[in-house]
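J.: using only what follows, build the 3D model:
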Amino acid sequence: MKHHSLYALLLATMCSTAAVAQQAPTKHKIKVKHKPKTEKTTAPAAEAAAPAAAPAAATTDWKQTYAESITQEDLRRHLTILASDEYEGRETGEKGQKMAAEYIAKRFQELGLKGPVPNSDNPYVQHFTMVRSSWDAAKAPTLKVGSQSYKWLTDFYASGTSPFQQPTTVQPVFVGYGIEQDDYSDYAGLDVKGKDVIVLMGEPMKDGKPLLGKDGQPSKWGKEYRSKSALATQKGARSVFFVSFNPNDNFEKTAARMTPYLQKPTISFADAKDARATTFFVSPAVGYKLLGTNAAGIAKYDAALSKAGKPVKASFKPAKFTVTAPKTQEQFTTENVMGYLEGTDKKDEVLVVSAHYDHIGIINGEVNNGADDDGSGTVSVLELAEAFTKAKAEGHGPRRSILFLTVTGEEKGLLGSEYYASHPIFPLAQTVTDLNIDMVGRTDKDHEGKGDYVYVIGSDKLSSELHTIVLAANDQYTKMDLDFRFNDPQDPNRFYYRSDHYNFAKNGVPVAFFFNGVHDDYHGAGDEVSKIEFPKMEKRARLVYYAAWELANRDQRPVVDSNKQ
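T.: Residues are numbered from 1 along each chain as shown. Sure thing, here's the model as predicted:
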C-alpha cells in the first residue's frame, strides 16, 4: 500500500499520480512457457404401514466446496517465492518486478485462464511506458535566499517532478496552512496560478485542539501534507514549499531518514499532463528566511488565527529566492498481469479481483520483500483464480466473467491501476465491481489479542448492494469482525484513496477494499514471510472469494445508488 503521513511517510508520494500515457506501449518481452447438483430424492411409495418417506438429501453448497481449495499451504508456497530476496523487493521497472510478472503470468496460464491482452507479445501482460526521474547526481539542487545558500538534504529536499531545471528566481506567495474546507479558506482572494506557495505544515489550533478536527483529533490537513499539495495543484500552483515550526518535528533527522528514498528514482507516465505541483520541504531556519520573520512572528500569527477561528491576513513579506533542481529522465516499460475466466450467460459483464504485486525494492542495501504489502494480496488473487477455474472445470463456473488483475506501480502512485482504468481490456461500463486485496496477512495494533478481523473500505461508497453482499458473505461463512472505520470521510489516513480500487471507484465502478491495517514493518525490511499469519490470511481470502462468487452469479449486477465521499 502506498505510504502516507507528515514527513516520514513520503516514499510512495515521491512521484505524481499523473495522466495516463496515450502513446502505444513499448513492448518488454516476458516469456511464458506454454504448457451435478444433487437432486432431492424421496423413498418409494409404500403400503400404509410402511415407514415414512426419507428426508430430502441436502443440496451441495458449491461455493463452500471450492472455497476450501484456498489454503494456507498454497498461500505460503506462492508467497515464499514472490517475497523472497531473489525478487529484490519487486520495485516497478526493475528485475524483481519483471520476475514477479513472469511468475504470475505463468501461474495464470497453468490454471487455464485466458490471456486477454490484444497485440501483446504475451497475452497475459499489459505493457506500458513510464519515465524514471532522478535528481541529477552531478549537480545537486540548490536554494539561495539573498547571500545565504542552503544545502540539499540538510536544509531542504524535494519530491516529484521539477520545473527548476535551470536557476530560477522565485517570488513566493504565503498561503497560511494551505487549507480549504467549508467556510475556511487560506486561498480566499489569492490567485496562485503558475506561482510558488509557502505552506505551513500541520493545522491551526484553538484552545489546544485542532480547529478543523473532530472530537479533538487532527483533521486530514493536520495528519499529512498530500491533501494540501493536491489543493495547491488544483489552484494552479507551480510548486509548494512546506515548512514546519513545530518543535517536535526534527527536520535534520527527517531529512537524513529520507535521503535513501530521495536517491531512488521517481516514476510517472511518459506524457504526464496533470502532474502535482513540485513539493519542497525546508527547515525552520529556511522557513523563517523565506517568510522574513522569526519564531515570535510565527507565534503571533498562530495566536491571531486561533482567536479569530478562521484565516487571518499575515504581516509576512516573503523574500525572493533562487532555486535550481535539475532531474534526469529515462523511459522504461512495466507491466500489469492478468488472467481471464469467461462466464456463461452473463459473460459480457466482468468482475475484477485485483492486487498490486510491486513493492519498494532495495533501500540502503536491504531488500524490502513486501510479504504483506502486497505479496499477501497477490497470492490471494492467485488462490481465488485457482478456486474459480476449478469450479468451472467441474461444471460450476461463474455466470459473469472474472478478470484476475495484478498491477504494478501502486507504490509509485497507483500507476498500474490508473493505466488499466484508462486502457481497460474490458470496458469499465461492463465492469460490475472491483474487489481489491492489499495487505491481508498481518494484524495491526488495534486488533492485537482480539479475534479474526479485516477492514473493509469503500464497499458502501457507490453501491449499498455491494456492502450488503460483503456483510452477508461474512455472516454466513467467515464470521469475522468487519471493521468499517476507514469509510469515515474525515478519517485522516484516507485509505480509501490509497490503493488500486480507487482508480475504478473514481470511474463509477463499485469497489470493496480488503485490508489488515498498518504495522511496525509497513514499508520496512521486516515485512517478511516469517511474520505472515496464514490462518488469518486464508480466512480473509475466502471472504473475498465468497463475495466474488455472489457477485459473479447473482441475477443483477450491484446497483450504483450512491456517491459517498
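J.: when you work out contacts or count neighbours from here on, use the C-alpha atoms and nothing else.
T.: Will do.
J.: and the helix or strand encompassing residue 74, what's buried?
T.: Per DSSP states H and E: residue 74 is located in helix 72-82. Applying a neighbour-count criterion of 16 or more other Cα atoms under 10 Å, one finds 72, 74, 75, 76, 78, 79, 80, 81, 82 buried in helix 72-82.
J.: could you list the low-pLDDT ranges of the protein?
T.: For the chain, the stretches flagged by pLDDT under 70 are 2-58, 272-275.
J.: switch to 50 and redo it
T.: The chain contains residues with pLDDT under 50 at 4-50.
J.: contacting residues for residue 164?
T.: Contact partners of residue 164, counting by Cα atoms under 8 Å, 6 or more residues apart in numbering, are 323, 324, 325, 326.
J.: mind putting the buried residues of helix 72-82 in CSV, distance to residue 249 included?
T.: Supplementary listing: the buried residues of helix 72-82 in CSV, determined by distance: Cα to Cα, whole Å:
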residue, distance to residue 249
72, 43
74, 45
75, 41
76, 40
78, 41
79, 38
80, 39
81, 40
82, 37
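J.: one step back: check which element follows the helix holding residue 74 along the chain.
T.: As assigned by DSSP H and E, the chain's next helix or strand after helix 72-82 is helix 95-111.
J.: could you give the angle of that next one to helix 72-82?
T.: Put simply, helix 95-111 runs at 140 degrees to helix 72-82, going by axes from the mean of the first three to the mean of the last three Cα atoms, to 10 degrees.
J.: kindly export stretch 279-296 (C-alpha atoms) in CSV.
T.: What follows is stretch 279-296, C-alpha atoms only, in CSV (Å, rounded to 0.1, in the frame of the first residue of the first chain):
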residue,chain,number,x,y,z
THR,A,279,6.8,19.6,-3.4
PHE,A,280,9.7,21.0,-1.4
PHE,A,281,10.3,20.7,2.4
VAL,A,282,12.5,23.3,4.1
SER,A,283,14.0,23.5,7.6
PRO,A,284,12.6,26.0,10.1
ALA,A,285,15.7,28.2,9.5
VAL,A,286,15.0,28.4,5.8
GLY,A,287,11.3,28.9,6.5
TYR,A,288,12.0,32.0,8.7
LYS,A,289,14.2,33.4,6.0
LEU,A,290,11.7,32.8,3.2
LEU,A,291,8.9,34.5,5.3
GLY,A,292,11.1,37.3,6.6
THR,A,293,10.1,36.5,10.2
ASN,A,294,11.2,34.7,13.3
ALA,A,295,9.7,32.4,16.0
ALA,A,296,7.9,35.3,17.7
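J.: hmm, who's touching it?
T.: For stretch 279-296, contacts defined as Cα under 8 Å, 6+ apart pick out 145, 150, 155-160, 174, 229, 239-245, 251-252, 316-321.
J.: in strands only, show me those.
T.: Residues of the contacts of stretch 279-296 located in strands (DSSP state E): 145, 150, 156-159, 174, 239-243, 321.
J.: burial measure for residue 185, as a count.
T.: Residues lying near residue 185 (other Cα atoms under 10 Å) number 16.
J.: please disregard the earlier target; I meant residue 150.
T.: When neighbours are counted by other Cα under 10 Å, residue 150 registers 19.
J.: grab the most central residue of this protein for me.
T.: Residue closest to the average C-alpha location in the chain (Cα atoms, centre = their mean): residue 499, at 2.1 Å.
J.: distance of that one from residue 326?
T.: The gap separating residue 499 from residue 326 is 30 Å, by Cα to Cα, to the nearest Å.
J.: so what's the residue nearest to the centre of the chain closest to, chain neighbours aside?
T.: Setting aside the residues directly before and after it, residue 499 is nearest to residue 1 in space (Cα to Cα, 6 or more residues apart in numbering), at 6.0 Å.
J.: pretty sure that neighbour contacts residue 498?
T.: Yes - contact criterion Cα atoms under 8 Å: residue 1 and residue 498 qualify, at 6.9 Å.
J.: what domains does the record give for the protein?
T.: 60-133+341-553, 140-325 (automatic domain parsing).
J.: please, where are all the helices along this structure?
T.: Here the chain has its helices, by DSSP state H, at 62-67, 72-82, 95-111, 220-223, 226-234, 251-262, 284-291, 295-308, 377-393, 415-422, 464-473, 502-505, 534-553.
J.: who does the last one touch, helix- and strand-wise?
T.: Contacts of helix 534-553 with other secondary structure elements, assessed using 3 or more Cα pairs under 8 Å, 6 or more residues apart in numbering; DSSP states H and E, are made with helix 62-67, helix 72-82, strand 346-356, helix 377-393, strand 400-407, strand 431-437, helix 464-473.
J.: distance to residue 185 for the ones you listed - can I get that in a markdown table?
T.: Shown next, in a markdown table, are those (distance: least, Cα to Cα, whole Å):
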| stretch | distance to residue 185 |
| --- | --- |
| helix 62-67 | 51 |
| helix 72-82 | 47 |
| strand 346-356 | 36 |
| helix 377-393 | 40 |
| strand 400-407 | 37 |
| strand 431-437 | 35 |
| helix 464-473 | 33 |
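J.: and the buried residues of helix 72-82, which is closest to residue 513?
T.: Ranked by distance to residue 513 (Cα to Cα), those are led by residue 75 at 19.2 Å.
J.: picking that back up, which of the helices and strands packed on helix 534-553 sits closest to residue 528?
T.: Between residue 528 and the helices and strands packed on helix 534-553, the shortest separation by Cα to Cα is 9.1 Å, and it involves helix 72-82.
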